[in-house]
Structures are given as C-alpha cells and as structure tokens.
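Asker: What follows is a predicted protein model with its sequence.
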Amino acid sequence: MTEVITDIHPTKHWTKLDDGRVQCDICPRLCKLGEGQRGFCFVRANVGGEIVLTTYGRSSGFCIDPIEKKPLSHFLPGTPILSFGTAGCNLGCRFCQNWDMSKSREMDTLADQASPAAVAQAAKQLGCDSVAFTYNDPVIFHEYAIDVADECRKLGVKAVAKTAGYVCDAPRREFYAHMDAANVDLKGFTEKFYQKDCIGHLQPVLDTLVYLRHETKVWFEVTTLIIPGENDSDAEIREMSQWFMKNLGPDVPLHFTAFHPDFKMTDKPRTPEATLTRARKIAMDEGLRYVYTGNVHDEDGESTYCPGCRKKLIGRDWHTLTAWNLTADGKCKFCATQIPGVFNAKPGTWGAKRQPVRLNTTA
C-alpha cells in the first residue's frame, strides 16, 4: 500500500526518470522512488512526482552543549552551542552512537517544532555563539539546515554542521555556502569498512573533505571513531594520516575518539585509551600538528599545543578549559606562532555542562 505523506516541504535536488520514478540527488545513494515511497534516509520522499522533505521545522530535541562536544577544538573554544537534530540518516552504520534518533522511523520522536527564525532567536537569547546541526546528519534535512543557518547569520550566530560528509557535489556546494564550521566523520579508511559497517562508500567522504579544504573558507575538523578490530590497525591509521597530510595539510585538526558498544555492534569492547594514544602518535609522526583524543579522560590528548614551542595553549579536562595561552589575535603567547582556527579574544566559560531546552513555538 502506498503511504499517504502529508507533512512536506519542497526540495530541488532531484531528477525525474523515464520510468516514472523520481531520483533523489542529495546523496550518493541516488534513491529512485515511486509515488509515496521514502528514501533510505526515511525523511525524503516522492510526493506528487517530486522529492519532498518530511521533517522541516521539526526536531528530536534541543540542548545547549559545549562546543568541544561536537568535537571542535579550534572554533570558539569554551562557548555554548545550541544543538539539535531531526530523524533518519543516509548511512547505515552498525556502530551508530545516536541510533535512537538517526535510525528513528517514528515521526513522534520529533517532539519540538521551531521555524528557522525561532531557532536563531532562541540561540541568541540563550547566549549561544552558534547552532549545531547534529545527532543525525544535516545532509538529509538540507533545506531546513540552510534556512536556520541563514536566520542565524542575520543575528550574528554561527552555523555548525556535524556530518558524515556523504553528499553529492551540487548540494554539497550549496550547503557549505551557508555554514561557518563543520566536523566531518571519516569513519574509516577502507572501502571494505564503509561497505560492511556503514552501508556506504569512502570516496564521497574524501571528496567532501578535499572540497572543504580547497574550495571553501569553512572551518572544519575531522573525527574518526576508533573501533577495536575494525579500523584500528597501525597500517590503516598511518595510511589515513598520510592521505590527510597530502590532501588536507598539517593544520586541519583530527580527533580520534573512543567507541562504546551500541546499536548493532555490541560484540566489540570499548576502545582502550592506549589505542587512541597510539593513533594520535602515528598521525603526529606523519606531520599532523593538531591531533586529539576523545571520549576518554586524557588531558594531554585533549589539549592544544603550539607546534612552534610545544607549550600548552589551550588546556582541556573533558570539555572544560583549564588553560588559555592565546593572544587576542590567535597567536601563541610564548612564541607568537599563529594558530589556525576561529578564536574569540577571550575563551568561553560554558564548561562541560549540557542543558536541555524546549522550543515550543513556530514563530
């Protein structure tokens, strides 16, 4: 039976096919849908011979997070960020750490409703320097994320995308024209890993990273979740670090974060802290200057050091800043080395707290 879909918002990245179906062109899946059918992501659907978005203006919840939780270490450190997601995802990661939202097929999980202007106004009123599209991938709520980003820009609030980078070229270019920062998940560095564990492909993600580095001014950082026995070998980490150095350069921050058993991958142990430390050392040995560890208590791996004099510039304990040795223009206080990133003259003081908030308005 064909589903009747009534909650819709128009989109433009799609193609009519000769067989009467419509192809969604937002991501490399290129889902080909008959009337009333939903794509792999579940939230983009064929209604009336057009691809529509079914989650525009609806969220699975809003929360004020520390920006370090995204994770971003060189973008407005210490500041609060208003975070939200919707439902669905265009990848099928067996290890998803937010599966209750990203794999949701229940629109009832979208409890909060807010227009783009309401989100931006809430961020401003709550004292947030930025808004994050996170918890599930903003690629699939492309139109809503862009409209929110535009409203934020009017109020001087930054827009941040937490994404897997699995997107086609035209929507990629449109999307990042509206973003100020991003954290991109590079989930592994083999096609086998992406096919088996993510139900996707590696190359589109690499294309996104190269595009961000060479064709935009978006500040971005990269995260790899290290999973024991899956993507944690020295050889793979070294090959990834070498690609990173060659294609992105030494100054793009790289985060190695710890896996915990979840969703469809509960047979794997948690990532040992020693594994992250080893990965960090390999990456730095290959020339990367800013490599971090996450999801473990590791003050050394969480902190930022000057590549010139090796002094600690930004100390971190979990998501709390413990030291600040940058000048107002983002240079090392000790040797004047310029540190890449987007920094306020003074660090934020939000700390590690998370504060859920409700936006019950569509104004």
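Answerer: Noted; the coordinates are in hand.
Asker: in the sheet, who's paired with residue 317?
Answerer: In this structure, residue 317 bridges to residue 320 when assessed by DSSP bridges.
Asker: Could you pull up the residues touching residue 275?
Answerer: Counting by C-beta atoms under 8 Å, 6 or more residues apart in numbering, residue 275 touches 226, 228, 232. The way it works is simple: take the backbone N, C-alpha and C, and place the C-beta from them, glycine included.
Asker: in the stretch 1-150 of the chain, which spans are strands?
Answerer: 9-10, 14-16, 22-24, 32-33, 44-47, 50-53, 58-59, 61-66, 80-85, 112-113, 130-133 (DSSP state E, counting those that start in this stretch).
Asker: Tell me which of these sits nearest to residue 279.
Answerer: Checking the strands of the stretch 1-150 of the chain against residue 279 by C-beta to C-beta gives strand 61-66 as the closest, at 23.2 Å.
Asker: Identify the residues contacting that closest one?
Answerer: 78-85, 111-112, 114, 119, 122, 126, 128, 132, 319-320, 350-359.
Asker: my read: residue 14 touches residue 30, true?
Answerer: No. Between residue 14 and residue 30 there is no contact under C-beta atoms under 8 Å: 9.8 Å.
Asker: can you tell me which residues contact residue 52?
Answerer: Residue 52 neighbours (C-beta under 8 Å, 6+ apart): 5, 8-11, 44-46.
Asker: Please convert the residues you listed to JSON lines, extending it with distance to residue 163.
Answerer: Output for those, formatted as JSON lines (distance: C-beta to C-beta, whole Å):
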{"residue": "5", "distance to residue 163": "25"}
{"residue": "8", "distance to residue 163": "23"}
{"residue": "9", "distance to residue 163": "20"}
{"residue": "10", "distance to residue 163": "22"}
{"residue": "11", "distance to residue 163": "18"}
{"residue": "44", "distance to residue 163": "16"}
{"residue": "45", "distance to residue 163": "21"}
{"residue": "46", "distance to residue 163": "24"}
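Asker: if we can go back for a sec, for PyMOL, write a command that selects the buried ones of the contacts of strand 61-66.
Answerer: This is the PyMOL syntax for the buried subset of these, where burial follows 16 or more other C-beta atoms under 10 Å:
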select buried, resi 78+79+80+81+82+83+84+85+112+114+119+122+128+132+319+320+350+357+359
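Asker: Show the pLDDT at residue 191.
Answerer: Residue 191 is assigned 98 on the pLDDT scale.
Asker: Could you tell me how far the residue lying closest to it once chain neighbours are set aside is located from residue 165?
Answerer: Using C-beta to C-beta, 6 or more residues apart in numbering and skipping residues adjacent in sequence, the residue nearest residue 191 is residue 202, 5.0 Å away. According to C-beta to C-beta, to the nearest Å, residue 202 and residue 165 sit 10 Å apart.
Asker: Show me which of the two is the more surrounded one.
Answerer: residue 165 (25 against 19; other C-beta atoms under 10 Å).
Asker: For that one, give me the backbone phi and psi.
Answerer: phi 70, psi 20 (degrees, to the nearest 10).
Asker: three-state assignment of the closest residue to it other than its chain neighbours?
Answerer: Here the nearest residue to residue 165 in space, its sequence neighbours aside, is residue 208; by C-beta to C-beta, 6+ apart that works out to 3.5 Å. Here residue 208 is helix, with the state taken from DSSP: H, G, I helix; E, B strand; the rest coil.
Asker: Out of the contacts of residue 52, grab the one that's most surrounded.
Answerer: residue 44 (28 neighbours).
Asker: Worst mean pLDDT among the strands of the stretch 1-150 of the chain?
Answerer: Averaging pLDDT over each of the strands of the stretch 1-150 of the chain puts strand 112-113 lowest, since it has a mean of 74.
Asker: hmm, back to that, with respect to residue 239, which of the contacts of residue 52 is nearest?
Answerer: Taking C-beta to C-beta as the measure, residue 239 lies nearest residue 44 of those, at 34.0 Å.
Asker: Make sure the closest one is actually in contact with residue 24.
Answerer: Yes. Using C-beta under 8 Å, residue 44 is in contact with residue 24, at 5.4 Å.
Asker: residues contacting the residue nearest to residue 165?
Answerer: Contacts of residue 208 by C-beta under 8 Å, 6+ apart are 163, 165-167, 172, 184.
Asker: can you do 10 Å?
Answerer: 139, 163-169, 172, 175-176, 182, 184, 186, 220 (C-beta atoms under 10 Å, 6 or more residues apart in numbering).
Asker: which of the residues you listed count as buried?
Answerer: 139, 163-168, 172, 175-176, 182, 184, 186, 220.
Asker: Spatially, what comes nearest to residue 307 if we skip its sequence neighbours?
Answerer: Distances taken as C-beta to C-beta, 6+ apart place residue 289 nearest to residue 307, at 4.3 Å, with adjacent residues excluded.
Asker: Sorry, slip of the keys, the one I care about is residue 341.
Answerer: Among residues not flanking residue 341 along the chain, residue 74 sits closest, at 2.9 Å (C-beta to C-beta, 6+ apart).
Asker: Any idea how many residues pack against that neighbour?
Answerer: 22.
Asker: Quick check: it touching residue 221?
Answerer: Yes. Here residue 74 reaches residue 221: they are 6.7 Å apart, a contact under C-beta atoms under 10 Å.
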